[in-house]
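In: I'll drop the sequence and a predicted model, then ask my questions.
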Amino acid sequence: MFLAAAALLSIATVTVSAQDEAAAEPAATEQTEQAAAPASLAEMTAGLEEVPLHQALKTKFIEGGAGFMSSVILCLVLGLAIAIERILYLGFAKTNTKKLLEGIEAALAEGGVEAAKELCKNTKGPVASIFTQGFIRYDQGIENVEKSIVSYGSVEMSKMENGLSWIGLFIAIAPSLGFLGTVIGMIQAFDAIQAAGDISPNVVAGGMKVALITTVGGLIVAIILQLFYNYILSRIDALSIDMENASISLIDIVAKYQSSEAKAVEK
């Protein structure tokens, strides 16, 4: 009886240890696979060569189709050319209006209207041009001076906004060309399916790639030009506010000079 109990106890112990070993083996295998996975991923990444950015862009340009991608790139080049020209123009149009108004006030006190007019003629920028038009009509009264400043201010605003309609056109055209390439790419894909007689990924991939690349190209061009467009608009808004404030200050200076001139005549 004692021997039978000992035999049963030893059999139970062997069974439990065997179960523990069986449970430990999958865990060890899983840990080994998890440790091996990063190593294999690292080996795969190390095997890939880094492609330069210009080479990758060139490849995508060719894959997207030279016709549509050339049109999209042309929109980008023309839009950027106009945007850079506008930025340079607005940069040169910036005037230190505070210094100019101080100079006009001093010129009126020393040499009268002719001296102030000459100062404005020799100063670059739309603000000085507006002031010159106002002083040209000084003899016609303060009301005509104000009207002249307002009218010529609209002319200068038109000059600053010149070319923006073209940038807006390229912003609209670039995505449209991309979507047109998408439609043509889809047509090419269906033509390839019809010619092959089956719907295999290799048959569809060519047309789908053209469709997606042209769309991405058009959207990227539109986004770039939209950023430049909004920046130019912000510069024009800042200059127009500066022009309006300076014009109001000039009217006050001219009215003050007229009143002092009238008092001098009365005396």
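Out: Happy to help now that I have it. Numbers count the residues shown, from 1 in each chain.
In: where are the low-confidence patches of this structure?
Out: Applying pLDDT under 70 to the chain picks out residues 1-68, 198-207, 209-211, 264-267.
In: Looking at it, which helix is longest?
Out: Counting residues, the longest helix found in the chain (DSSP state H) is helix 201-266.
In: for that one, packing partners?
Out: Helix 201-266 is packed against helix 53-63, helix 66-93, helix 97-121, helix 126-136, helix 142-160, helix 164-196, with contacts defined by 3 or more CB pairs under 8 Å, 6 or more residues apart in numbering; DSSP states H and E. C-betas here are computed from N, CA, C, even on glycine.
In: export those helices to JSON lines and tack on distance to residue 221 and mean neighbour count?
Out: Listed next are the helices and strands packed on helix 201-266 as JSON lines, based on distance: least, CB to CB, whole Å; neighbours: other CB atoms under 10 Å:
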{"stretch": "helix 53-63", "distance to residue 221": "12", "mean neighbour count": "11"}
{"stretch": "helix 66-93", "distance to residue 221": "4", "mean neighbour count": "17"}
{"stretch": "helix 97-121", "distance to residue 221": "37", "mean neighbour count": "17"}
{"stretch": "helix 126-136", "distance to residue 221": "31", "mean neighbour count": "22"}
{"stretch": "helix 142-160", "distance to residue 221": "24", "mean neighbour count": "16"}
{"stretch": "helix 164-196", "distance to residue 221": "4", "mean neighbour count": "17"}
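In: In a markdown table, list those along with distance to residue 249.
Out: Below are the helices and strands packed on helix 201-266 laid out as a markdown table (distance: least, CB to CB, whole Å):
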| stretch | distance to residue 249 |
| --- | --- |
| helix 53-63 | 51 |
| helix 66-93 | 18 |
| helix 97-121 | 5 |
| helix 126-136 | 10 |
| helix 142-160 | 11 |
| helix 164-196 | 28 |
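In: Can you say which of those helices is nearest to residue 256?
Out: When the helices and strands packed on helix 201-266 are compared by CB to CB, helix 97-121 sits nearest residue 256, at 8.5 Å.
In: So which elements touch that closest one?
Out: Against helix 97-121 (3+ CB pairs under 8 Å, 6+ apart) you get helix 126-136, helix 201-266.
In: now that helix and helix 126-136, what's the angle there?
Out: Interaxial angle of helix 97-121 relative to helix 126-136 (axes from the mean of the first three to the mean of the last three CA atoms, to 10 degrees): 60 degrees.
In: what comes into contact with helix 97-121?
Out: Helix 97-121 is contacted by residues 123, 127-129, 131-132, 135-136, 138, 242, 245-246, 249-250, 253, 257 when judged by CB atoms under 8 Å, 6 or more residues apart in numbering.
In: If you drop the residues flanking it in sequence, what lies closest to residue 179?
Out: residue 215 (6.3 Å; CB to CB, 6 or more residues apart in numbering).
In: residue contacts, that neighbour?
Out: When contacts are taken as CB under 8 Å, 6+ apart, residue 215 is in contact with 175, 178, 179, 181, 182.
In: Please apply the same query to residue 131.
Out: By CB under 8 Å, 6+ apart, the neighbours of residue 131 are 100, 104, 116, 120, 149, 246, 250.
In: So which of the residues you listed is the closest to residue 157?
Out: The nearest member of the contacts of residue 131 to residue 157, counting by CB to CB, is residue 149 at 12.4 Å.
In: That closest one contacts residue 251, doesn't it?
Out: Yes - counting by CB atoms under 8 Å, residue 149 does reach residue 251; the two are 7.2 Å apart.
In: Distance check, the closest residue to residue 235 other than its chain neighbours against residue 259.
Out: Spatial nearest neighbour of residue 235, chain neighbours left out: residue 90 (4.6 Å); criterion: CB to CB, 6+ apart. As judged by CB to CB, to the nearest Å, residue 90 and residue 259 stand 36 Å apart.
In: Got the phi and psi for residue 95?
Out: Note on residue 95: backbone dihedrals following degrees, to the nearest 10 are phi -130, psi 140.
In: What about it, how many residues nearby?
Out: Residue 95: 20 surrounding residues under other CB atoms under 10 Å.
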